[in-house]
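J.: need coordinates for the following:
(chains A and B)
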Amino acid sequence: DAKTTQPNSMESNEEEPVHLPCNHSTISGTDYIHWYRQLPSQGPEYVIHGLTSNVNNRMASLAIAEDRKSSTLILHRATLRDAAVYYCTRGTSYGKLTFGQGTILTVHP
Amino acid sequence: DGGITQSPKYLFRKEGQNVTLSCEQNLNHDAMYWYRQDPGQGLRLIYYSQIVNDFQKGDIAEGYSVSREKKESFPLTVTSAQKNPTAFYLCASSILGQGSQPQHFGDGTRLSIL
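T.: Numbering: from 1, shown residues only, chains lettered A, B, ... in the order given. Below is the predicted model:
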């Protein structure tokens, strides 16, 4: 079962943009790319998802490579509340999400 | 406020005992999921259900059982056959059981062995 690959950790300063990368080189043509974030002892929170086109919502932007082998989650202005573990996942045709180990994002004031 | 409620927040199991984790949603979602999370790891799918009275095994179903008698409820039983049950258990739901739908998660149940 193909997993996604993300850096173990990243750091950012408050009010700066953050680009979180994800590799999913074996993703199938019908799998969606989802991003979730998780705080300690809480359930994951949905951030954004997409299939082929770039996506924007109030929380973030998702840039998907043309070959769909990678994607980047963009937080336009990081805040301290954005510090969390970010998971890039694949959403299969029956809704299963395949999680990797995620990226721990640290935001410095 | 719509959402997913998991209970209890903490649960302790004795050797040889079955325990049941509750998951209720009032989002009117058709699909529901159970995941297990071990420390420092991502989530792994245990069972999922796309419709009432139907469910399928996920990647790590051994030692677990589920039922889906009502749309809003999807309880998970951790049986004595699950030899390493200590973990954080998360329930989720989505409008439909499709990859195009985001999942909404509860706040989890932490299970430990006495």
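J.: when you work out contacts or count neighbours from here on, use the C-alpha atoms and nothing else.
T.: Fine.
J.: then stretch A:94-108 to CSV, C-alphas only?
T.: What follows is stretch A:94-108, C-alpha atoms only, in CSV (Å, rounded to 0.1, in the frame of the first residue of the first chain):
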residue,chain,number,x,y,z
TYR,A,94,-14.0,4.1,-1.0
GLY,A,95,-12.8,6.8,1.4
LYS,A,96,-9.9,5.2,3.1
LEU,A,97,-7.2,7.6,4.1
THR,A,98,-3.6,6.3,4.1
PHE,A,99,-1.5,8.2,6.6
GLY,A,100,2.3,8.6,6.8
GLN,A,101,4.2,9.8,9.9
GLY,A,102,3.5,13.5,9.2
THR,A,103,5.6,16.7,9.6
ILE,A,104,5.9,18.3,13.0
LEU,A,105,5.6,22.1,12.4
THR,A,106,7.1,24.4,14.9
VAL,A,107,6.3,28.1,14.8
HIS,A,108,8.5,30.5,16.5
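J.: what comes up buried for it?
T.: For stretch A:94-108, burial by neighbour count (16 or more other C-alpha atoms under 10 Å in any protein chain shown) applies to A:94-107.
J.: please see if that stretch touches chain B.
T.: Yes - for stretch A:94-108, a contact with chain B is found by C-alpha under 8 Å from any C-alpha of the partner chain, at A:94-102.
J.: pLDDT score assigned to B:Gly97?
T.: With respect to pLDDT, B:Gly97 scores 77.
J.: hmm, back to that, from the residues of stretch A:94-108 next to chain B, which has minimum pLDDT?
T.: For the residues of stretch A:94-108 next to chain B, the pLDDT minimum is A:Tyr94, 78.
J.: for chain A, which residues are neighbours of chain B?
T.: A:31-32, A:34, A:41-46, A:49-50, A:87, A:90-102.
J.: go again using 7 Å as the cut-off
T.: Residues of chain A found near chain B (C-alpha under 7 Å from any C-alpha of the partner chain) are A:31-32, A:42-46, A:91-96, A:99-102.
J.: filter those residues down to the ones in helices?
T.: Among these, no member falls in helices (DSSP state H).
J.: so what's the closest residue to B:Gln103 other than its chain neighbours up against?
T.: Nearest residue to B:Gln103 in three dimensions, chain neighbours excluded: B:Ser94, at 4.8 Å (C-alpha to C-alpha, 6 or more residues apart in numbering or on different chains). Each residue near B:Ser94 by C-alpha atoms under 7 Å, 6 or more residues apart in numbering or on different chains is listed here: B:29-32, B:101-104.
J.: what's the weakest-modelled helix or strand in chain A?
T.: Between all helices and strands in chain A, the lowest mean by mean pLDDT, DSSP states H and E belongs to strand A:97-99, at a mean of 87.
J.: quick check: next helix or strand after that strand?
T.: Next helix or strand after strand A:97-99 toward the C-terminus (DSSP states H and E): strand A:103-108.
J.: mean confidence for that next one?
T.: 97.
J.: so what does that strand touch, helix or strand wise?
T.: Applying 3 or more C-alpha pairs under 7 Å, 6 or more residues apart in numbering or on different chains; DSSP states H and E, one finds that strand A:103-108 makes contact with strand A:9-13, strand A:84-91.
J.: do you know the pLDDT at the closest residue to A:Gly102 other than its chain neighbours?
T.: Nearest residue to A:Gly102, sequence neighbours excluded (C-alpha to C-alpha, 6+ apart): A:Tyr87, at 4.4 Å. Note for A:Tyr87: predicted pLDDT of 97.
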